[in-house]
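Enquirer: Quick one, what's the 3D model for this:
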Amino acid sequence: MKRLAIDVRPGEYVVARLDPGVAVPELTAPDGLVSVTRTPAETSVICPAALAPAGARVESGWRLLTVRGPLSFTLTGIIAALASELASAGVALVTLSTFDTDHVLVKDAELARAVQALRAAGHEVATEAAA
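Expert: As a prediction, this is how the structure comes out:
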């Protein structure tokens with residue numbers, strides 16, 4: 001796996017679940033990531049904690065790590081490598097991909113261990129203090 005540049009984004013994120021068919025409120029995060037995914041069984045929202053939808057079941061305390069992109073669609077194994085490196089360090093994660101790049105969320109309590117594991121694997125990880 002080639003060396004990746006990864007940025008730890010500021011602030012807390014949540015993963016929220018709404019019932020299927022429930023309207024998602026307008027979520028605007030000019031400096032943050034918002035993702036809405038609908039399936040027949042649920043609507044999931046990943047967003048900054050301050051934007052957590054009212055009435056949702058919320059899993060809080062996540063931190064966002066973003067691979068610097070854009071990444072080519074021909075690249076393979078990025079999420080698999082990151083997941084493997086974090087799993088080896090005992091770090092649980094949630095992943096998502098956008099058109100330009102990949103994102104990983106880890107619990108805030110495991111952020112330092114995640115950063116250490118990714119650096120040990122040869123990736124460049126920029127934290128808020130370094131940004």
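Enquirer: low-confidence ranges in the protein?
Expert: The model of the chain has pLDDT under 70 over residues 1, 129-131.
Enquirer: could you redo the last one with a cut-off of 50?
Expert: 130-131 (pLDDT under 50).
Enquirer: can you give me the strands in it?
Expert: For the chain, strands defined by DSSP state E occupy the ranges 5-8, 13-18, 35-38, 43-48, 57-67, 94-97, 102-107, 124-126.
Enquirer: which residues does Leu18 contact?
Expert: Contact partners of Leu18, counting by CB atoms under 8 Å, 6 or more residues apart in numbering, are 24, 42-45, 53, 55-57. Every residue, glycine included, has its C-beta placed from N, CA and C.
Enquirer: What number of residues are in the vicinity of the closest residue to Leu71 other than its chain neighbours?
Expert: Distances taken as CB to CB, 6 or more residues apart in numbering put Thr101 closest to Leu71, at 5.3 Å, once the chain neighbours are dropped. Thr101 has 17 neighbours, counted by other CB atoms under 10 Å.
Enquirer: again, but for Ala52
Expert: 19.
Enquirer: check contacts around the nearest residue to Ile46 once chain neighbours are set aside.
Expert: Closest residue in space to Ile46, ignoring its immediate chain neighbours: Ser35 at 4.4 Å, by CB to CB, 6+ apart. Residues in contact with Ser35 (CB under 8 Å, 6+ apart) are 44-47, 96, 98.
Enquirer: closest to Val15 among those residues?
Expert: Nearest to Val15 out of those is Ile46 (CB to CB; 5.4 Å).
Enquirer: if I look at that closest one, how far off is Val22?
Expert: Distance from Ile46 to Val22, counting by CB to CB, to the nearest Å: 16 Å.
Enquirer: Comparing these two, which residue is more hemmed in?
Expert: Ile46 (22 against 14).
Enquirer: So for stretch 109-126, what gets flagged as buried?
Expert: Of the residues in stretch 109-126, 110-111, 114-115, 117-118, 121, 123, 125-126 count as buried by neighbour count, 16 or more other CB atoms under 10 Å.
Enquirer: do stretch 34-46 as well
Expert: Using 16+ other CB under 10 Å as the test for burial, stretch 34-46 gives 43-46.
Enquirer: Most widely separated two among those?
Expert: Thr43 and Ile46 (11.4 Å).
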